[in-house]
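Got a predicted structure plus its sequence, pasted below:
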Amino acid sequence: MTVSSRACPDCAPNCAPNCAPDCAGPPLSSSRLVLVRQHIRQHLTERLTIEKLSALACMSRATFFRLFKREFGLTPVEFIVRERLAAAKRLLRQPRAAVAEVCLRAGFNNLSYFQALFKKHEGLTPGAFHKRSLTLSGM
């Protein structure tokens, strides 16, 4: 089967699951992965599966994993975790932030997992991070 060099209208900005068989989709690798990265950042609070992300990139799971890691230096799961932790840190800097609420707003659905992961990556618990950020900001 030959693939045409044109993308169908459904491929802007990303490849639809029901694209025409001759659709070339968005250009391979970089631009598709940039779309996936944007999707992850815009949908952090949702359940993000590799199946969904690889379909969004119009790639098999194996190709998606390999190219994502090559492009960003992290696996898709590592990237999602880092983005969620960065969101949690931003939220924890707010004076009235509650750890349980931050957990959910950052896309984690398990408080214990969130606290353990946060401590592993940041070296302190979310509560301690929150207190420290308030102290540093003079509140």
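Nice, I can see it.

can you list the domains in this protein?
9-73, 78-136 (automatic domain parsing).

Please name the nearest non-neighbouring residue to K89.
F129 (6.9 Å; C-beta to C-beta, 6 or more residues apart in numbering). Where C-beta positions appear, they are placed from N, C-alpha and C, glycine not excepted.

Would you mind giving the domains of the chain as JSON lines with mean pLDDT and mean neighbour count added?
Formatted as JSON lines, the domains of the chain follow (pLDDT from 0 to 100; neighbours: other C-beta atoms under 10 Å):
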{"stretch": "domain 9-73", "mean pLDDT": "80", "mean neighbour count": "16"}
{"stretch": "domain 78-136", "mean pLDDT": "95", "mean neighbour count": "16"}
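
give me every residue that touches the residue nearest to K89.
Listed by C-beta atoms under 8 Å, 6 or more residues apart in numbering, the contact partners of F129 are K89, L92, F118, E122.

Restricted to strands, list those.
Among the contacts of F129, no residue falls in strands (DSSP state E).

what's the most distant pair in those residues?
By the measure C-beta to C-beta, L92 and E122 form the most distant pair in the contacts of F129, at 9.7 Å.

got the CA positions of the longest helix along the chain in PDB?
Taking DSSP state H as the criterion, the chain has its longest helix at helix 76-92. Output of helix 76-92 as PDB, limited to C-alpha atoms (Å, rounded to 0.1, in the frame of the first residue of the first chain):
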ATOM      1  CA  PRO A  76       5.800   9.200  27.800                       C
ATOM      2  CA  VAL A  77       4.900   8.000  31.300                       C
ATOM      3  CA  GLU A  78       8.000   9.800  32.800                       C
ATOM      4  CA  PHE A  79       7.000  13.000  30.900                       C
ATOM      5  CA  ILE A  80       3.400  12.900  32.200                       C
ATOM      6  CA  VAL A  81       4.600  12.400  35.800                       C
ATOM      7  CA  ARG A  82       7.100  15.300  35.500                       C
ATOM      8  CA  GLU A  83       4.400  17.600  34.000                       C
ATOM      9  CA  ARG A  84       1.900  16.600  36.700                       C
ATOM     10  CA  LEU A  85       4.600  17.200  39.400                       C
ATOM     11  CA  ALA A  86       5.400  20.600  37.900                       C
ATOM     12  CA  ALA A  87       1.700  21.500  38.000                       C
ATOM     13  CA  ALA A  88       1.500  20.300  41.600                       C
ATOM     14  CA  LYS A  89       4.500  22.500  42.600                       C
ATOM     15  CA  ARG A  90       2.800  25.600  41.000                       C
ATOM     16  CA  LEU A  91      -0.400  24.900  42.800                       C
ATOM     17  CA  LEU A  92       1.400  24.200  46.100                       C
END
